[in-house]
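*Asks:* How does the following fold in three dimensions:
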Amino acid sequence: MTATSIFVNLPTTDLERSKSFYEALGFSINPLFTDENAACVVLDENIYFMVLTRDYLATFTDKQIIDTKTHAQTSISFTRDSRDEVDAVLVKGLAAGGSEPREAQDYGFMYSRDLEDPDGNILGFLFMEPAAAEQGPDAYMAGQGAAAPSATA
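*Replies:* Model prediction:
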């Protein structure tokens, strides 16, 4: 069976700024699928962001394209191998024009930080203790002698 590829379409008001931002995070741009309307950001071999001008994105739907500076449509999260790697990607993103909309969230079993790209698209970066991923947060925290905090708190 062929691996599934994921393409996430994200709106932008400044395509060149978006390309620079995502390259600063360590991702690459596929020039074969990049033009004046869109840029193909390669996250890994099966995951891509198609950063599209708002006008071009509007050709894909009859729905209104929201203003991502004031409205959230989705939040996309990515795992990292450590808390330090989560912090490191935030440093890169902030230096490249992104913003951090809220403080880091530390649930004991999981550490996460949000980064908004210059257009307001929400990217989450998180580290989860491997044992918590295997056992579930409640069992992991019980083994640590603590109750798992609610991820919605």
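
*Asks:* tell me the domain ranges of this protein?
*Replies:* When the chain is parsed with automatic domain parsing, its domains come out as 1-59, 75-153.

*Asks:* For burial, what's the neighbour tally of residue 113?
*Replies:* 23 (other C-beta atoms under 10 Å). From N, CA and C alone the C-beta is placed, and that goes for glycine too.

*Asks:* quick one: it is in a strand?
*Replies:* Yes. According to DSSP: H, G, I helix; E, B strand; the rest coil, residue 113 belongs to a strand.

*Asks:* can you pull the contacts of it?
*Replies:* With contacts defined as C-beta atoms under 8 Å, 6 or more residues apart in numbering, residue 113 is in contact with 86, 87, 90, 100, 104, 105, 124, 125, 126.

*Asks:* So what pairs up with the residue nearest the centre of the chain in the strands?
*Replies:* Closest to where the C-alpha atoms of the chain average out (C-alpha atoms, centre = their mean) is residue 123, at 2.6 Å. Using DSSP bridges, the bridge partners assigned to residue 123 are residue 76, residue 115.

*Asks:* Could you tell me the least trusted of the domains of the chain?
*Replies:* Among the domains of the chain, domain 75-153 carries the lowest mean pLDDT, a mean of 88.

*Asks:* pLDDT wise, what is residue 60 at?
*Replies:* 93.

*Asks:* what about it, distance to residue 74?
*Replies:* Using C-beta to C-beta, to the nearest Å, one gets 15 Å for the distance from residue 60 to residue 74.

*Asks:* C-terminal to the longest helix seen in the chain, what's the next element?
*Replies:* In the chain, assigned by DSSP state H, the helix with the most residues is helix 83-95. For helix 83-95, the following helix or strand on the C-terminal side (DSSP states H and E) is strand 105-106.

*Asks:* Can you list the helices and strands that that next one packs against?
*Replies:* Judged by 3 or more C-beta pairs under 8 Å, 6 or more residues apart in numbering; DSSP states H and E, the packing partners of strand 105-106 are strand 110-116.

*Asks:* Give the buried residues for the strand it packs on.
*Replies:* By neighbour count with 16 or more other C-beta atoms under 10 Å, strand 110-116 contains the buried residues 110, 111, 112, 113, 114, 115, 116.

*Asks:* Between those, which sits nearest residue 131?
*Replies:* residue 110 (11.5 Å; C-beta to C-beta).

*Asks:* what are the phi and psi angles of the closest residue to the closest one other than its chain neighbours?
*Replies:* Spatially, and ignoring its direct neighbours in sequence, residue 110 is nearest to residue 128 (4.5 Å; C-beta to C-beta, 6 or more residues apart in numbering). Main-chain torsions, residue 128, degrees, to the nearest 10: phi -120, psi 130.
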